[in-house]
Structure formats: C-alpha cells, structure tokens
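**Q** build me a structure from this.
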Amino acid sequence: MTGRHQIVGLGEVLWDIFPAGPRFGGAPANFVCSAAGVGGNSVHASMVSAVGRDSLGEKGLAEFRRRSVDATHVAQLDLQSGQVLVQLDALGQASYQFLEDTAWDNVRWTTDLQTLAEKADAVCFGTLGQRSNVSRETVRQFIHSTADGCLRILDINLRPPYWTDEVILESLPLANVLKLNSDELPIVASLLSLHGDEEELMCQLLHKFSFQVAALTRGAAGSLLLSRSGERSELPGQEIRVVDTVGAGDAFTAALTVGLLKNKPLAEVHSWADRIAAFVCTQAGATPEFPDEFRC
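**A** Reported below is the predicted structural model:
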C-alpha cells in the first residue's frame, strides 16, 4: 500500500429496494465504492460496517469485492442485512423507508478497527449510521482514533426520522470536512441559530468548526465549495438526462475526498467532483462503473 491513500467508509451497508428490484447502496458504502472507482490505484478503499448472514449480505460482500473495496472490516452477523424501500418521483428524486435493527446497527468496536483508524488518510461518516447506540459508539471511537492529518468527512445525510439534534450537534465537531445539501443546510443552521443566505451560512459553519472545506450540493442548481484558506468555487447545474439521483452526492463526496488527498486546487477538485456526480445521475443505481476519463 505504499503511496496509496487509505480511505474508509464508516456506517450503513444496505440494499435499496427499487420497484424494478434491489440495488446495492448505503451512503458510506456508495462513497467508498466511488472512491475506489475514481481513485483507482492511488487509493486503498475499506468499508467498516456489518451485513447479515443472508443472501443480501453475501451479495453485498461480493459487490465490495467487485468494486475493489476491502470488506475485511464488514462483519457478518446473525441479523437481517440492511434494506431500504426506495420510491422515485417524476424527476427521479428518491424517498426512502428503512428497515430497523439490522446488521449495520450493530457494528462493535474491535482492535482491528483501531488499527485501521490509525492508518486512515480519510474517513467518511454520517448521521444515519449513528441511529443505534452500538454503531454510534463505534463511529465515534473510530473518528477519535484517527491521526491528526486524517480527513474526517461528515456527510450529514439526514434521513427522517433517523436523526436527532444531538447527533448532528455532536458530529459536527468530530469532522474537519463538511458536506451537506440545500435541504439539510437550513436544519443545521437552525440548530446553531445561524442566519443569512446559503453562502453566508456555509461561511459561518466553516469558521465555527474550523473545517478545512465545506461543500454544499444544490441538486440541479449546482454546488458551492469553500475552504478555510479562503478559496471559493461555485458551479451551476449541468444539463443532463437524469435517470436517478441515488448516489450522486456520495460520488461527489468521494471525488472531493480523493482530490483533497492529492492536494489539487479547490476549483479543479470541484469541477471533477461535479462531472462525476452528473455522470452518476445519468446511470441507474448508486455506484456505476466509472469510465477511464473520470479516474485520476
């Protein structure tokens, strides 16, 4: 692994049950698969989670292997694998209904996770993966065990009713990179009594928590990146044929992470992440295979 960046997805592994059938997913799983896809030989991608000893669990492990993601730290438990019922509206926007008390709700801390955390260059986590006490403690232990230079990316990823004010407020200080969307920003701002337009709110968040980078995705309206060093990059939405939007934000976060690890200029990272997210929107499913043009 010499010269390769260790990237970790931390949280839920599940299957999105679409009307046409099941698709592999879960925000941190999508993230780490996309990181492996766009990072290529420059990254070593690992997932930390759990699946059931069932057919979906076996298929999930196979999906990680197929996407060159190390699933050594995905436990197999005597619980049901995670599933979510997905419905798409006329614009391809997704809504979700999650099964409860599944394998990924029961990820327990181990010495192997301690070792992985200590060598991680980047780890992405969210709020959904903290809906249970067991997995919440493991997520936070993992974050606290990372080295000072590790990118700790919080992708807020609010999925009602599986978040609380406390989980958001306690997660923000754990991160040094923030990613959220335009629906989540007002919720976070309200919790912190922040006021202003979108960019003003992002600036306040950036400085309040000393984030290295704060990213706002706006769906069809584009995205905004701000850095602690004063860089700013804003891009409009792209004219594309949307198949579905599932996984696009996770792919954006993956590209952002890989670009930051490579110390590329913010505008260059942003342009790359934007193109990758747009590509995912044109594909069915959350983790399509990326053409060579999208690999760094």
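**Q** make it CA atoms for all contacts and neighbour counts henceforth
**A** OK.
**Q** least confident secondary structure element in this protein?
**A** strand 94-98 (a mean of 77; mean pLDDT, DSSP states H and E).
**Q** just checking: what are the partner strands of that one?
**A** Next to strand 94-98 in the sheet, as set by DSSP bridges, lie strand 82-88 (antiparallel).
**Q** what's the partner strand in contact with?
**A** Contacts to strand 82-88, defined as Cα atoms under 8 Å, 6 or more residues apart in numbering, come from residues 12-19, 51-52, 94-100, 102-104, 244.
**Q** what of stretch 270-285?
**A** The contact list for stretch 270-285 (Cα under 8 Å, 6+ apart) reads 23-24, 223, 225, 233, 235, 238, 240-249, 251-256, 286-288, 294.
**Q** now that we have those, which of them are buried?
**A** For those, a burial check counting by 16 or more other Cα atoms under 10 Å picks out 23-24, 223, 225, 233, 235, 242-249, 251-256, 286-288, 294.
**Q** quick check: the gap between E184 and D105.
**A** 23 Å (Cα to Cα, to the nearest Å).
**Q** who's more crowded, those two?
**A** D105 (26 against 16; other Cα atoms under 10 Å).
**Q** and that one, which of the three is it?
**A** helix (DSSP: H, G, I helix; E, B strand; the rest coil).
**Q** and if you look at the one 4 residues further on?
**A** Classification of W109 by three-state DSSP places it in coil.
**Q** share the number of residues neighbouring the nearest residue to it once chain neighbours are set aside, please.
**A** Excluding the flanking residues, the one nearest W109 by Cα to Cα, 6 or more residues apart in numbering is T138, at 5.2 Å. Residue neighbour count, defined by other Cα under 10 Å, stands at 23 for T138.
**Q** circling back: in helices only, show me the buried ones among the contacts of stretch 270-285.
**A** A248, G249, A251, F252, T253, A254, A255, L256 (DSSP state H).
**Q** what's the end-to-end length of stretch 36-54?
**A** End-to-end distance of stretch 36-54 (Cα to Cα): 25 Å.
**Q** and stretch 280-287, by the same measure?
**A** 7 Å.
**Q** element containing the closest residue to R67 other than its chain neighbours?
**A** Ranked by Cα to Cα, 6+ apart and with sequence neighbours excluded, the top spatial neighbour of R67 is C33, at 6.1 Å. Element membership of C33, judged by DSSP states H and E, is helix 27-39.
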